[in-house]
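Asks: pasting the structure only:
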Ligand code: NG6
Ligand code: CA
């Protein structure tokens, strides 16, 4: 296979969406007609993984083609963190740009901003943003919807800055700012209570992580996040078509991460509370995007990849009744654990690839990581990562388009505390590590144990029967493989 293909590429990257959250992955409780249609017209992967059970490391990995362990800063970042991607490093958007693409990012970033002195001055141009990492167009929010600053950043600048009302941000434990509403001082302002954390600034009636003062005009409205990002994504597609170059769009949807505030028209439509409603909203956004591609006659020749950065959680810090209203819905489908976890619920995620001109329709059980997109795109474009770049990315282009049913031989993932797990054929191996077996706040089984764990995913997808003592050689071999990856070159 040596032909190159310059189809447009759109990565749709959800935040905390589980393996069982979509109709096409078995959900009966939440309707996701648009993603189900994407899936019918494309390839549904059953053994695809994010690099980590939390956000920042997975995002680092999908954009750089490197395992997160290679960057000691790749952990959940505060909203005022510096950018953790070295601007000298090769990235997926740089790869597309070298191949002549127009590149854009819309949505959640969470990889830090600014390369210079700290604290970052939000009122000036920010010196290190996605535009320095290969994205020509960038419209993002800095971290997560539950972290300050609650503002959009376009290019290098906060949107709607007002010099008379400068923005200040702090992640100190005690509030350093006078005169701002805070969680414990102003409970009367809250529209939703926090169940754990999220008790610093109140912005838009919601307790957030971190303190923020000023920027009244710049602060986003939570119920408008989805439409705002969608609008930017559609605008990017329109501008690209006019421009004439093929395009690469990384559209990082903010749903269903907390706080879950859908646009009013989605409130209550699933009966599963805000978590279900924002998934329906996300599906609608995807539908609008597909409609736009179709209208512009781009659908057949655009590779649309949909996935999620980590597994699901019900109560991630707000009293939004997600648990009470969840009913029989299984967010992680048959998998054990969820977000944060070393069990498969933490990292195995929905992964759909569609491109009618190129990608076979059906189901693929190939083992594939989001980390592999880099080298696979390079293959598609007939180019290569820069010397030393994308160290952990394997060229799985044939698997991506449905021509290789096997994929990788082995793939390493990590949980929130950087404990490692390895998939290898039918085996899932969880390396021993310290920690509690159950996170009480979020009610998730961590999979942490000082005993090695080995599961045969063929007949035990729910990881109930640890067979490490029956197959000590397999467990030993897999631990060795992990050590080899961790100490391996590049
Ligand atoms: C946790 C937050 C959680 C979420 C997570 C990051 C608290 C108590 N919990 O620390 O709400 O923001 O970080 O999620 O603050 S992620 O998907 O971006 O990794
Ligand atoms: Ca996430």
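Replies: Happy to help now that I have it. If you're wondering where the values come from, they're calculated on a predicted model, not measured in any experiment. Ligands and ions are numbered 1, 2, ... in the order given.
Asks: Who's the closest spatial neighbour of residue 236, skipping the chain neighbours?
Replies: residue 104 (4.4 Å; C-beta to C-beta, 6 or more residues apart in numbering). Backbone N, C-alpha and C define where each C-beta goes, glycine included.
Asks: Equivalent analysis for residue 278, please.
Replies: Nearest non-adjacent residue to residue 278 (C-beta to C-beta, 6+ apart): residue 255, at 4.2 Å.
Asks: Who are the packing partners of the host helix or strand of residue 279?
Replies: Per DSSP states H and E, residue 279 falls inside helix 273-295. With contacts taken as 3 or more C-beta pairs under 8 Å, 6 or more residues apart in numbering; DSSP states H and E, helix 273-295 sits against strand 8-14, helix 33-40, helix 225-243, strand 302-308, helix 322-325.
Asks: Columns distance to residue 294, mean neighbour count and mean pLDDT on top of those, output as a markdown table?
Replies: Converted to a markdown table, those look like this (distance: least, C-beta to C-beta, whole Å; neighbours: other C-beta atoms under 10 Å; pLDDT from 0 to 100):
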| stretch | distance to residue 294 | mean neighbour count | mean pLDDT |
| --- | --- | --- | --- |
| strand 8-14 | 13 | 24 | 99 |
| helix 33-40 | 11 | 20 | 98 |
| helix 225-243 | 11 | 18 | 98 |
| strand 302-308 | 10 | 25 | 99 |
| helix 322-325 | 33 | 16 | 96 |
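Asks: Would you format these as JSON lines with distance to ligand 2 included?
Replies: Shown next, in JSON lines, are the helices and strands packed on helix 273-295 (distance: least, C-beta to the ion, whole Å):
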{"stretch": "strand 8-14", "distance to ligand 2": "8"}
{"stretch": "helix 33-40", "distance to ligand 2": "18"}
{"stretch": "helix 225-243", "distance to ligand 2": "15"}
{"stretch": "strand 302-308", "distance to ligand 2": "8"}
{"stretch": "helix 322-325", "distance to ligand 2": "15"}
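Asks: CSV for those, including distance to residue 286?
Replies: Shown next, in CSV, are those (distance: least, C-beta to C-beta, whole Å):
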stretch, distance to residue 286
strand 8-14, 6
helix 33-40, 5
helix 225-243, 9
strand 302-308, 7
helix 322-325, 21
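Asks: between those, which gets nearest to residue 390?
Replies: Minimum separation from residue 390 across the helices and strands packed on helix 273-295 (C-beta to C-beta) falls at strand 8-14, 15.5 Å.
Asks: Can you pull out the residues in contact with the closest one?
Replies: 59, 62, 96, 101, 107-108, 240, 246-253, 255-256, 282, 286, 289, 293, 298, 301-309, 350, 373, 377 (C-beta atoms under 8 Å, 6 or more residues apart in numbering).
Asks: Could I have the buried ones of those as PyMOL selection syntax?
Replies: Remark: buried members of the contacts of strand 8-14, expressed as a PyMOL selection using 16 or more other C-beta atoms under 10 Å:
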select buried, resi 59+62+96+101+107+108+240+246+247+248+249+250+251+252+253+255+256+282+286+289+293+298+301+302+303+304+305+306+307+308+309+350+373+377
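Asks: just to revisit the earlier point, give the contact list for the residue nearest to residue 278.
Replies: Taking C-beta under 8 Å, 6+ apart, one finds 14, 15, 17, 226, 262, 278, 279, 281, 282 in contact with residue 255.
Asks: What parts of the stretch 251-400 of the chain come near ligand 1?
Replies: Along the stretch 251-400 of the chain, the residues adjacent to ligand 1 under the rule C-beta under 6 Å from any ligand atom are 257, 258, 310, 316, 317.
Asks: If you count neighbours, what's buried in stretch 81-92?
Replies: Here stretch 81-92 shows 81, 82, 83, 84, 85, 89, 90, 91, 92 as buried, counting by 16+ other C-beta under 10 Å.
Asks: Going along the chain, name the strands of the stretch 301-450 of the chain.
Replies: Assigned by DSSP state E, counting those that start in this stretch, the stretch 301-450 of the chain shows strands spanning 302-308, 351-354, 362-369, 410-414, 420-424, 427-430, 438-439, 444-445.
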